[in-house]
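J.: Need a 3D model of the following:
(one chain, ligands or ions: 1)
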Amino acid sequence: MASSTLISDTQPWKELKAHVEDIKANHLRDLLSDDERSKSMMVEFDGILLDYSRQQATLETREKLFQLAEVASLKQKINQMYKGEHINSTENRAVLHVALRAPRDAVIQSDGKNVVLDVWNVLDKIRDFSERVRSGSWVGATGKELKNVVAIGIGGSFLGPLFVHTALQTDPEAIESARGRQLRFLANVDPIDVAKTITGLNPETTLVVVVSKTFTTAETMLNARTLREWISSALGPSAVAKHMVAVSTNLALVEKFGIDPNNAFAFWDWVGGRYSVCSAVGVFPLSLQYGFSVIEKFLKGASSIDQHVYSEPFESNIPVLLGLLSVWNVSFLGYPARAILPYTQALEKFAPHIQQVSMESNGKGVSIDGVPLPFEAGEIDFGEPGTNGQHSFYQLIHQGRVIPCDFIGVVKSQQPVYLKGEVVSNHDELMSNFFAQPDALAYGKTPEQLQKENVPPHLVPHKTFSGNRPSLSLLLPSLNAYNIGQLLAIYEHRIAVEGFVWGINSFDQWGVELGKSLATQVRKQLNASRTKGEPIQGFNFSTTTMLTRYLEASADIPADPPTTLPQI
Ligand SMILES: O=P(O)(O)OC[C@H]1O[C@](O)(CO)[C@@H](O)[C@@H]1O
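T.: Numbering: from 1, shown residues only. The predicted structure follows:
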């Protein structure tokens with residue numbers, strides 16, 4: 001396929017379009033009666049079991065998707081990524097998050113340099129620094145141990161680390177190594193988030209890590225200045241050196257801010273923000289909390305999937321299969337959303353993280369060559385842990401819109417509970433739902449079945465479930481640091497696979513810029529109005545009215561108030 005050809009112009013795409021009718025003629029109820037088909041739609045790797053037999057797809061669909069992958073040069077694109085080519089063409093950058101978790105002796109070249117050496121230099125520095133803090137050899141300005149860490153960052157500098165922290169928080173090994181320590185995150189520029197984050201914390205025992213790839217993100221920098229004030233007003237300005245460190249690609253700005261670059265942990269422009277949890281962005285705060293040895297297992301888990309993606313044939317390649325099936329669901333079956341439904345509370349922050357990875361990566365309207373797409377790319381990701389979601393939005397998934405679901409289950413609970421006399425353990429109770437929901441969605445319930453149950457006729461339409469609603473199930477052996485790394489990498493690669501097939505650039509994010517520049521104008525106007533009484537100008541009627549109301553209703557706030565920090 002010529003590089004400027006849209007994937008939708010290719011023969012395999014057209015064949016898949018035509019194939020939709022064949023698939024619509026089959027109900028999942030019928031597809032699932034074929035055990036051979038189901039058997040060939042199960043893939044196992046390193047204890048992880050993927051079952052995609054509840055996708056609205058046949059073996060023929062799969063074959064056609066492989067042909068699509070072929071014409072999209074999927075294998076070559078994956079190889080180009082691993083080889084450090086500048087596949088993020090609009091920013092002229094390599095995309096090498098796989099190097100962040102590569103073994104020490106691996107060689108991954110980018111621009112003629114083995115980046116794995118740089119990665120391990122930083123990892124060694126993280127191991128050393130985090131051990132000094134954890135052992136009490138690096139102490140705060142008043143000589144007290146730094147038991148609390150606040151990581152300031154937003155977007156990719158926040159969501160991934162938060163997901164991993166939340167998942168590890170209840171893992172027995174991680175609990176043991178985090179005893180007596182706290183890790184909190186400050187992301188939102190809303191001062192309420194500052195208040196919530198520092199409540200109950202003593203600056204004397206707190207280390208603040210400013211995490212920002214660019215070190216220019218408005219929200220993060222204001223929050224960093226706010227916590228710098230919190231520290232220096234309590235302990236004096238010189239305390240900042242002991243209580244503030246940074247993670248960034250921009251060490252010059254780190255120094256300008258007042259943080260010693262020796263206490264900064266670097267990463268590189270070939271790490272996209274939303275793919276940065278395996279860089280110092282995640283590894284440093286998580287190592288402070290759990291110790292480097294726990295986080296190294298997380299990196300090893302991610303690396304195991306990197307190797308699987310690279311070397312496994314597509315037929316048994318979990319992220320490739322998942323990516324192709326997502327393209328099938330979005331672009332051919334016309335389902336715009338995807339529900340991420342982990343049956344473990346430890347993954348409560350997984351869907352929010354994947355929202356950014358997926359929607360910032362694949363929420364694009366043009367091909368990588370700048371040609372407008374004649375089809376929809378990207379999907380709307382959302383989710384909640386089961387069974388909570390069942391009592392919230394599942395109604396719509398069962399009887400309303402069709403939303404392909406990812407069910408994620410874990411064989412062994414991090415925190416088992418057994419009660420004498422109960423029918424099953426608490427985890428088995430949870431997992432009963434994990435196993436039941438996919439079949440409820442696939443089979444549904446027919447009016448005939450309801451009639452046999454003597455349901456009053458007027459209720460039959462309300463109690464009917466059409467079924468034929470697709471899902472897939474991922475069963476993990478457990479949820480330790482290693483498996484958490486695997487899960488992360490499965491989704492990262494799946495999303496990249498989707499983008500490679502759609503022919504878009506999944507690694508830039510120009511769509512977030514416009515709002516940022518408009519906010520700059522508003523910020524200037526708020527300052528001019530509050531300090532000099534200047535009238536609102538340069539905005540449309542709607543924004544002018546809203547801004548005027550906002551300023552008038554808060555006119556009691558003095559123009560130049562003294563420094564104020566949260567009071568709760
Ligand atoms: O790490 P930084 O540079 O502060 O950026 C934070 C986030 O902002 C974004 O650019 C979106 O606004 C993300 O891509 C990024 O993860």
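
J.: where does the protein come near the ligand, residue by residue?
T.: 154-157, 212-214, 217, 220, 273-274, 360, 509, 512 (Cβ under 6 Å from any ligand atom). Just so you know, the C-beta spots here come from the backbone N, C-alpha and C atoms, and that holds for glycine as well.

J.: Next, find the distance separating the residue most central in space within the chain from residue 383.
T.: Nearest to the geometric centre of the chain sits residue 353, at 2.4 Å (Cα atoms, centre = their mean). According to Cβ to Cβ, to the nearest Å, residue 353 stands 10 Å off from residue 383.

J.: re the thing from before, counting by contacts, list what the helix or strand where the residue nearest to the centre of the chain lies packs against.
T.: Secondary structure from DSSP states H and E places residue 353 in helix 350-362. Where contact means 3 or more Cβ pairs under 8 Å, 6 or more residues apart in numbering; DSSP states H and E, helix 350-362 is packed against helix 159-168, strand 337-342, strand 380-382, helix 481-502.

J.: who does the first one touch, helix- and strand-wise?
T.: So that's helix 159-168. So helix 159-168, by 3+ Cβ pairs under 8 Å, 6+ apart, packs with strand 182-186, helix 280-290, helix 292-311, helix 350-362, helix 481-502.

J.: Would you mind identifying the next helix or strand past it?
T.: helix 172-178.

J.: Which strands or helices does that following helix pack on?
T.: helix 280-290, helix 292-311.

J.: Output those as CSV; include the columns distance to residue 529.
T.: Shown next, in CSV, are the helices and strands packed on helix 172-178 (distance: least, Cβ to Cβ, whole Å):
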stretch, distance to residue 529
helix 280-290, 37
helix 292-311, 47
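
J.: Tell me which of the ones you listed sits most buried.
T.: Among the helices and strands packed on helix 172-178, helix 280-290 has the highest mean neighbour count (mean count of other Cβ atoms under 10 Å), at a mean of 28.

J.: Show the average pLDDT along that one.
T.: Per-region confidence: helix 280-290 scores 98 on mean pLDDT.

J.: Stretch 109-127 now?
T.: So the average pLDDT for stretch 109-127 ends up being 97.

J.: related to what we said a few turns ago, contact partners for the residue nearest to the centre of the chain?
T.: By Cβ atoms under 8 Å, 6 or more residues apart in numbering, the residues touching residue 353 are 159-160, 162-163, 277.

J.: okay, now the closest residue to residue 197 other than its chain neighbours: neighbour count?
T.: Excluding its sequence neighbours, the residue lying closest to residue 197 (Cβ to Cβ, 6 or more residues apart in numbering) is residue 186, at 4.3 Å. Look at residue 186: counted by other Cβ atoms under 10 Å, it has 25 neighbours.

J.: And residue 559, by the same measure?
T.: Neighbours of residue 559 using other Cβ under 10 Å come to 11.

J.: and the gap between it and residue 187?
T.: From residue 559 over to residue 187 (counting by Cβ to Cβ), the distance is 29 Å.

J.: Residue 159 touches residue 356, doesn't it?
T.: Yes - judged on Cβ atoms under 8 Å, residue 159 makes contact with residue 356 at a distance of 5.2 Å.

J.: Just put the helices and strands packed on helix 350-362 in JSON lines and tack on mean neighbour count and mean pLDDT.
T.: Output for the helices and strands packed on helix 350-362, formatted as JSON lines (neighbours: other Cβ atoms under 10 Å; pLDDT from 0 to 100):
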{"stretch": "helix 159-168", "mean neighbour count": "25", "mean pLDDT": "98"}
{"stretch": "strand 337-342", "mean neighbour count": "23", "mean pLDDT": "98"}
{"stretch": "strand 380-382", "mean neighbour count": "18", "mean pLDDT": "98"}
{"stretch": "helix 481-502", "mean neighbour count": "26", "mean pLDDT": "98"}
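
J.: List the residue ranges of the protein that fall below the pLDDT cut-off.
T.: 1-4 (pLDDT under 70).

J.: Apply 80 and report the result again.
T.: 1-4, 568 (pLDDT under 80).

J.: how does it divide into domains?
T.: Domain segmentation of the chain under the TED database yields 10-83+312-508, 99-297, 511-553.

J.: So which of these is the most surrounded?
T.: It is domain 99-297: most buried of the domains of the chain by mean count of other Cβ under 10 Å, with a mean of 20.

J.: Quote the end-to-end distance of it.
T.: From its first residue to its last, domain 99-297 covers 15 Å (Cα to Cα, to the nearest Å).

J.: Kindly report the same for stretch 473-492.
T.: End-to-end for stretch 473-492, by Cα to Cα: 17 Å.

J.: Pull the number of nearby residues for whatever residue of the stretch 1-150 of the chain ends up closest to the ligand.
T.: Proximity of the stretch 1-150 of the chain to the ligand (Cβ to the nearest ligand atom) peaks at residue 91, 11.3 Å away. Here the number of neighbours of residue 91 (other Cβ under 10 Å) works out to 16.
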